[in-house]
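Quick one: sequence and predicted model below, then my questions.
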2 protein chains.
Amino acid sequence: MKLFYPEHSPRLKALLPKFSGRKLAVVGHARPDGDCIGSQVGLTRVLCALGYDAVCVNADPVPRRLQFLTQEMTFLRTDDILPVAEDYAAIFVDCADGARCGSRLQAAFPQPVAIFDHHISNNGFSDHDFIDTGSAATAEILAGMFFDLGFPVDTVAAQALYTGILTDTGQFRFPSTSRRTFLLAAELLARGAQPSEAGFELYERETIGKLRLLETFLKSLKLECAGQLCVGHLPRGIFAATDSTAEDTEGLVDYARSIEGVDVGALIEERDDGTLKASLRSKNPAYRLDRIAGLFNGGGHACAAGLSLTMEFNEFYPKLVEAITRQIAKVNTGMATES
Amino acid sequence: MKLFYPEHSPRLKALLPKFSGRKLAVVGHARPDGDCIGSQVGLTRVLCALGYDAVCVNADPVPRRLQFLTQEMTFLRTDDILPVAEDYAAIFVDCADGARCGSRLQAAFPQPVAIFDHHISNNGFSDHDFIDTGSAATAEILAGMFFDLGFPVDTVAAQALYTGILTDTGQFRFPSTSRRTFLLAAELLARGAQPSEAGFELYERETIGKLRLLETFLKSLKLECAGQLCVGHLPRGIFAATDSTAEDTEGLVDYARSIEGVDVGALIEERDDGTLKASLRSKNPAYRLDRIAGLFNGGGHACAAGLSLTMEFNEFYPKLVEAITRQIAKVNTGMATES
């Protein structure tokens, strides 16, 4: 049988015996998403099934909508693990660099024994790097290696890994979605993953507050730059007014980008602490949103970037529109380079 | 190799030679969706590649967002085919019964030579029925048989069949999504299907009018029945006011249902012709929405039903809420039966 990850799977098989008799901390990144939690649960579950002593560790709590993956799992927080950190060897998942797990965990685990990740910016920072930037999700890499090696993937691990793939592909929609992605999803279903349960938990448990926030955001949408830019705005105090939370802003900016003819969507939040936060999304990497965010001390990817700064909304809005308009004009005239 | 459709694929292989030298009309249902258009394109494309003379026929135009599948295909409308209908043998796809293609096409083709369908209510009405109600999409059945038989599936056919599966599974989320669904998606990607193109065309080409309509709908949402029912309302004239169309109401009711604790979501539209249209969606078949719609001369499925009637909104709203509240109370007390 052809292996899903011929470069990595034999290395994982060779590495595992070194974990015998050690306590293992499977560390994910702060503000965890579906791929992070799914990968943490999947890896920890399989390690335990193989007889290793592993536990999930995260600086932040498991988000409400991902808790269906963690009911049978222990998640330690930073304060739980710090006093005993030296007893543990750390395995990082879905962290592009060591800082992503939070500064206190990073200080406790400066040199992980292994990393499993798919981020393009990950240059490796552990003793044993398992990085595949061609994979759609860290959970995809893990699932592929587990199947390559015949490891025991039970229903809990299968559902977790499936959810990691589901969320990091935007429901199998992003360009990273490959034939391998679907083959692995099929195998995870064979081990008990339930797409309808994952869909229900992730997308059918909205709060009314989230919908009120969406309504506010939609109402605020403005087309700029001859319709190629769409900007939405959440004013200060909106979370209290709509009974929503900052977590509920997730996905809002995608509505701005989803409009026909719009190339760049933006969300500007006025935070209660007086700062502004902006999220930028484009349909095309030529817009180099990482550079536009960089003008305001932010960063990110070419198609998805963000920034935080202290400035009044009325001052920031025209500056942001001007910067994006300038880049759109460059792309329109073919003067933009991706380098 | 194990066949995807061992009952159907050998029958299709035996049937095809009978199509030699005949003109074939591949007929889909009126108001076509992604599975209908995808199945029509996929089947027609493969038949033509095999040397048969096939063309797509539909009573209604191809919706804007599905036109990316049909650029290289001819779609005949009812008026095109009626004068020459007797020259054609009809193959129906994704039609649960003969009436679904529209009354004039049904009259022209009272006895199709074959049907390909997955609807549970399809009792068969052709010379050669290929019906599998365990499949998530008609496109899934077609793709599975094509791969079983080694038929030539080119990039256009692959993208069309992939899109049929994608849309009829709600982006791989409905309970009908199976291991086979994902295996077939993987094979369609191997033949050139592009998930990111399909995702862009289907979900990233919204109009600003659609978003204004969504905003209106969200603003109108009311929780009833202690939060187990959520009803939204589009007043008369809203399409003109928001620069949207009746087609843009698609998917709105899902927002009402998506709220945590809500079991039934409803959308009531006041149409310009003085009628009301209501769409009902539940998370659980126990709510038997087909029966509730039936109280108002509507119908549908247990989890998805609809109705049209002539009544004032202010009169209809309490009647609908009362009917749904009564059914919810029955389910709450365990008195509902699914029979």
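That came through fine.

Start and end of stretch A:115-128, how far apart?
Criterion CA to CA, to the nearest Å; first-to-last residue distance in stretch A:115-128 is 7 Å.

What residues sit buried inside it?
Neighbour counts using 16 or more other CB atoms under 10 Å in any protein chain shown place A:115-119, A:122, A:125-126, A:128 of stretch A:115-128 among the buried residues. (Glycine included, C-beta is placed from N, CA and C.)

Adding pLDDT, distance to chain B and secondary structure, write these out as CSV.
Formatted as CSV, these follow (pLDDT from 0 to 100; distance: CB to the nearest CB, whole Å; DSSP: H, G, I helix; E, B strand; the rest coil):
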residue, pLDDT, distance to chain B, secondary structure
A:Ile115, 98, 27, strand
A:Phe116, 98, 22, strand
A:Asp117, 96, 22, strand
A:His118, 94, 17, coil
A:His119, 89, 19, coil
A:Asn122, 88, 22, coil
A:Phe125, 94, 30, coil
A:Ser126, 95, 31, coil
A:His128, 97, 29, strand
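
could these go into a markdown table alongside distance to B:Ala54?
What follows is the buried residues of stretch A:115-128, written out as a markdown table (distance: CB to CB, whole Å):
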| residue | distance to B:Ala54 |
| --- | --- |
| A:Ile115 | 53 |
| A:Phe116 | 49 |
| A:Asp117 | 48 |
| A:His118 | 43 |
| A:His119 | 47 |
| A:Asn122 | 50 |
| A:Phe125 | 57 |
| A:Ser126 | 57 |
| A:His128 | 56 |
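
Check these and tell me the two furthest apart.
With CB to CB as the measure, no two of these lie farther apart than A:His119 and A:His128, at 16.9 Å.

Could you list the low-pLDDT ranges of chain A?
Residues of chain A that meet the criterion pLDDT under 70 lie in A:336-339.

Can you give the domain ranges for it?
For chain A, automatic domain parsing gives the domain ranges A:9-203, A:208-332.

looking at these, which is buried most?
Greatest average neighbour count among the domains of chain A goes to domain A:9-203 (a mean of 21), per mean count of other CB atoms under 10 Å in any protein chain shown.

can you pull out the helices in the stretch 151-300 of chain A?
Along the stretch 151-300 of chain A, the stretches classed as helices by DSSP state H, counting those that start in this stretch are A:155-168, A:179-190, A:195-203, A:208-220, A:238-242, A:252-257, A:289-294.

okay, the ones you listed in JSON lines with distance to chain B next?
Output for these, formatted as JSON lines (distance: least, CB to the nearest CB, whole Å):
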{"stretch": "helix A:155-168", "distance to chain B": "8"}
{"stretch": "helix A:179-190", "distance to chain B": "4"}
{"stretch": "helix A:195-203", "distance to chain B": "3"}
{"stretch": "helix A:208-220", "distance to chain B": "4"}
{"stretch": "helix A:238-242", "distance to chain B": "11"}
{"stretch": "helix A:252-257", "distance to chain B": "6"}
{"stretch": "helix A:289-294", "distance to chain B": "16"}
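
can you tell which of the ones you listed is closest to B:Leu189?
Closest to B:Leu189 of these, according to CB to CB: helix A:179-190, at 4.3 Å.

So what's the gap between the closest one and the chain middle?
Distance, stretch centre to chain centre, for helix A:179-190: 20 Å (CA atoms, centre = their mean, to the nearest Å).

Stretch A:75-88 now?
Centre-to-centre, stretch A:75-88 and its host chain are 23 Å apart (CA atoms, centre = their mean).
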